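Chemist: Show me the folded form of this:
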Amino acid sequence: MDGPFDLDRYLSLPRVEGLALSPDGSRLVTTVATVRPDGKRFVTALWELDPGGRRPPRRLTRSAAGESGPVFLPGGDLLLRSARADPEAEPRPGAGEDDEEPQALWLLATGGGEARQVARTPAGIDAVRVARAAGTVVYRTALHPGATTLDQDERAARARKDAGVGAQLFDGYPIRFWDHYLGPRQQRLFATDPPAQDGGRLEPGRDLTPEPGFALDEAEFDVTPDGGTVVTTWRLPDAHAPRNQLVAIDTAGGGRRVLVDDPQAWHAGPACSPDGRLVAYLRESHGDRDHGPDVTLWLVDLGTGERREALPGAELWPRDLAWAPDGGALYLVADRQGLAPLFRLDLTGADPAGWRLTRLAADGAYAAPRPCPDGDRVYALRDTPAAPPGAVVLDARAADQAGRPLPSPGLPLEVPGGVTALPARAADGTPVRSWLVLPPGASAASPAPLVVFIHGGPLSSWNGWSWRWNPHLLAARGYAVLLPDPGLSTGYGQGFSERGRGRWGDEPFTDLIAAVDAAVARPDVDQTRTAAMGGSFGGYMANWVAGSTSRFRCIVTHASLWSLEQFHGTTDEATWWRLEFGAPERQPERYRAHSPDRLAPGIRTPMLVIHGELDYRVPIGEALRLWTDLERFGVAARFLYFPDENHWILKPPNIRVWYETVFAFLDHHVLGKDWSRPALL
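Modeler: As a prediction, the model looks like this:
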């Protein structure tokens with residue numbers, strides 16, 4: 001290991017995300033985030049990886065603004081998004097010196113050289129897809145209501161700015177998402193021909209979705225290989241249930257037709273087949289108060305609209321869909337028993353019951369499968385609880401392989417913690433699986449203090465590397481870290497993902513305690529020195545733990561739910577919430593029975609409360625009310641507040657302060673050290 005695994009080392013690690021494979025399979029490009037020289041934020045750049053695994057990674061782009069979103073054109077040129085300034089462009093009308101450039105579309109030619117800007121919009125371009133045969137470029141940008149051209153949108157933005165107006169008028173639900181309010185601009189899709197080889201720019205193109213409202217916010221879309229059709233999710237305004245359609249839009253005339261309209265489900269991840277005939281997509285059923293959602297894989301025929309489920313009865317929650325080059329198979333990823341294997345589904349024959357599912361690899365958590373045009377290989381990203389993401393290559397058909405690593409930035413990485421699987425059983429006999437990270441030197445003679453990480457979601461799993469809650473930073477300080485998957489976790493079948501549905505304080509809590517009991521039963525773990533911490537749903541559970549047991553020396557609760565009735569009215573997307581807990585005026589007992597705030601009078605465990613002001617998924621009011629209650633009942637507590645962060649802590653200086661405060665809190669209460677306030681606080 002290159003130096004101690006401390007915060008300096010951790011923040012310096014390259015963060016690899018996403019893969020793009022050239023049409024001929026000869027080039028593999030990824031996005032890598034590193035900390036800027038000033039240390040204040042991350043910046044991304046594009047790197048080229050050698051598909052043959054012989055050459056080291058090579059950085060392709062470099063700017064203060066960063067680059068991301070690589071997409072290849074059919075001829076091999078690379079499109080990318082960047083907010084860097086274009087030295088050849090005219091200044092934007094009305095733009096001030098301090099105004100940031102919007103994300104524009106740039107082209108990096110196959111032969112190398114400098115990237116050149118090929119398209120710019122006032123609001124920026126936030127997503128791009130390319131027709132693999134025709135080269136048609138479909139991009140998403142946002143325009144003010146009523147604007148029919150980019151120039152009109154520019155004038156509308158300038159008028160609001162000049163008038164000093166930031167107000168918005170809403171007439172539908174929802175009005176915000178995660179860390180931003182929707183509007184005043186509305187997302188739209190544009191289609192245009194590929195840029196000319198002689199250095200020309202992209203034409204603004206055809207507005208495929210005039211006046212869409214908020215139908216395209218957070219939409220996912222793809223384009224058929226001939227460039228004739230865009231398939232996108234299309235959100236419908238509905239205050240009673242989350243609802244969207246799958247629609248097909250003609251890129252020539254803009255005509256829109258509904259492919260899938262299922263009021264009982266949410267649709268995602270459309271992927272057009274190589275022959276342009278089929279669309280693979282994910283269907284997430286809503287569930288109800290007693291039955292959880294179920295994610296299934298479906299195919300829809302673009303011509304006839306005929307639909308069929310591709311994996312009936314498989315109990316997999318697929319994601320990251322990719323077609324084989326000949327259209328005869330689909331690649332997908334799904335959580336499974338503390339891992340996230342890569343699968344291949346062969347679509348041989350007309351009956352899905354006869355389609356063969358092969359697990360290609362289960363040696364980690366896979367993402368972004370990219371099949372090679374020759375049909376023999378598939379590239380992907382792989383990470384594990386002990387290693388961050390890096391590229392690997394696999395045989396496209398063989399079962400249960402170990403992916404062969406390709407040289408990737410930051411890898412290989414040696415971490416201080418040793419990772420082992422830890423089985424346990426709940427009181428009713430249900431298996432509960434965890435990962436246990438042990439520090440160097442932990443033994444019966446020198447047992448390690450234990451910190452329990454409770455994952456968010458709650459439909460989630462500890463099956464890979466975490467950039468947000470990294471157990472190896474604690475292992476480097478002598479702590480063991482338990483990563484349990486209690487009830488409501490994914491990868492253990494539909495019944496387990498429903499275990500605790502609408503009753504979060506029951507099975508998820510008892511499963512968690514069963515996992516902790518299994519960990520402290522080990523001779524190399526100190527059962528007398530333990531702590532628990534969690535974020536989001538994990539923060540809810542940390543609060544529930546604090547009010548239900550005194551076995552932990554301290555609790556860290558981040559972005560946590562405290563009053564379920566209050567949360568219903570302030571979260572950004574209450575429609576999902578009501579599906580599980582019901583309408584608060586009709587089922588108030590469900591809210592009260594599992595609301596941690598009712599346990600406040602019994603809390604004696606010291607607590608560290610952490611929250612970001614810009615968190616709209618779990619609004620700051622949850623932390624403020626929790627803090628007030630802890631103060632009222634005399635609990636030894638501290639409140640770490642971030643005015644410029646949302647549900648996650650994303651800026652490097654804030655990440656450092658977050659960990660330094662958590663370390664100090666754990667060291668004080670678990671190890672008995674004197675309290676040491678972080679220097680910048």
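Chemist: The residue nearest to residue 336 when sequence neighbours are not counted: neighbouring residues, count only.
Modeler: Spatial nearest neighbour of residue 336, chain neighbours left out: residue 491 (4.9 Å); criterion: CB to CB, 6 or more residues apart in numbering. Quick note: C-beta positions are derived from backbone N, CA and C, even for glycine. Look at residue 491: counted by other CB atoms under 10 Å, it has 23 neighbours.
Chemist: Helix, strand, or coil at residue 491?
Modeler: The assignment at residue 491 comes out as coil when based on DSSP: H, G, I helix; E, B strand; the rest coil.
Chemist: give the contact list for residue 500.
Modeler: Going by CB atoms under 8 Å, 6 or more residues apart in numbering, residue 500 touches 458, 486, 487, 488, 506, 507, 508, 511.
Chemist: Return the members of those residues classed as buried.
Modeler: 458, 486, 487, 488, 507, 508, 511 (16 or more other CB atoms under 10 Å).
Chemist: Okay, strands next: where are they in the stretch 501-650 of the chain?
Modeler: For the stretch 501-650 of the chain, strands defined by DSSP state E, counting those that start in this stretch occupy the ranges 525-535, 554-558, 607-612, 637-642.
Chemist: The residue nearest to residue 336 and residue 644, how far apart?
Modeler: 34 Å (CB to CB, to the nearest Å).
Chemist: okay, residue 99: pLDDT?
Modeler: We have a pLDDT of 68 for residue 99.
Chemist: re earlier: make JSON lines out of the strands of the stretch 501-650 of the chain and add mean neighbour count and distance to residue 368.
Modeler: What follows is these, written out as JSON lines (neighbours: other CB atoms under 10 Å; distance: least, CB to CB, whole Å):
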{"stretch": "strand 525-535", "mean neighbour count": "22", "distance to residue 368": "25"}
{"stretch": "strand 554-558", "mean neighbour count": "27", "distance to residue 368": "28"}
{"stretch": "strand 607-612", "mean neighbour count": "25", "distance to residue 368": "28"}
{"stretch": "strand 637-642", "mean neighbour count": "18", "distance to residue 368": "30"}
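Chemist: between those strands, which gets nearest to residue 342?
Modeler: Ranking these by proximity to residue 342 (CB to CB) places strand 525-535 first, at 27.6 Å.
Chemist: ok and the helix of greatest length in the chain relative to strand 525-535, angle-wise?
Modeler: Ranked by number of residues, the top helix in the chain under DSSP state H is helix 652-669. Counting by axes from the mean of the first three to the mean of the last three CA atoms, to 10 degrees, helix 652-669 points 140 degrees away from the direction of strand 525-535.
Chemist: Neighbours of residue 621, how many?
Modeler: Neighbours of residue 621 (other CB under 10 Å): 15.
Chemist: Could you do residue 172 as well?
Modeler: So residue 172, with other CB under 10 Å, has 12 neighbours.
Chemist: How about the secondary structure of the closest residue to it other than its chain neighbours?
Modeler: The shortest distance from residue 172 to any non-neighbouring residue, by CB to CB, 6+ apart, is to residue 237 (4.1 Å). Under three-state DSSP, the three-state class of residue 237 is coil.
Chemist: Now for residue 237: which residues touch it?
Modeler: Listed by CB under 8 Å, 6+ apart, the contact partners of residue 237 are 172, 173, 213, 214.
Chemist: Of these, keep whichever come out buried.
Modeler: Buried members of the contacts of residue 237, scored by 16+ other CB under 10 Å, are 213, 214.
Chemist: What is the most widely separated pair among the contacts of residue 237?
Modeler: Most distant of those, by CB to CB, are 173 and 213, 11.6 Å apart.
Chemist: can you pull out the helices in this structure?
Modeler: Going by DSSP H, the chain shows helices at 7-12, 150-163, 471-475, 494-497, 507-520, 537-548, 564-570, 574-581, 588-593, 620-632, 652-669.
Chemist: In JSON lines, list the ones you listed along with mean pLDDT.
Modeler: Output for the helices of the chain, formatted as JSON lines (pLDDT from 0 to 100):
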{"stretch": "helix 7-12", "mean pLDDT": "96"}
{"stretch": "helix 150-163", "mean pLDDT": "96"}
{"stretch": "helix 471-475", "mean pLDDT": "98"}
{"stretch": "helix 494-497", "mean pLDDT": "95"}
{"stretch": "helix 507-520", "mean pLDDT": "98"}
{"stretch": "helix 537-548", "mean pLDDT": "98"}
{"stretch": "helix 564-570", "mean pLDDT": "94"}
{"stretch": "helix 574-581", "mean pLDDT": "91"}
{"stretch": "helix 588-593", "mean pLDDT": "93"}
{"stretch": "helix 620-632", "mean pLDDT": "98"}
{"stretch": "helix 652-669", "mean pLDDT": "98"}
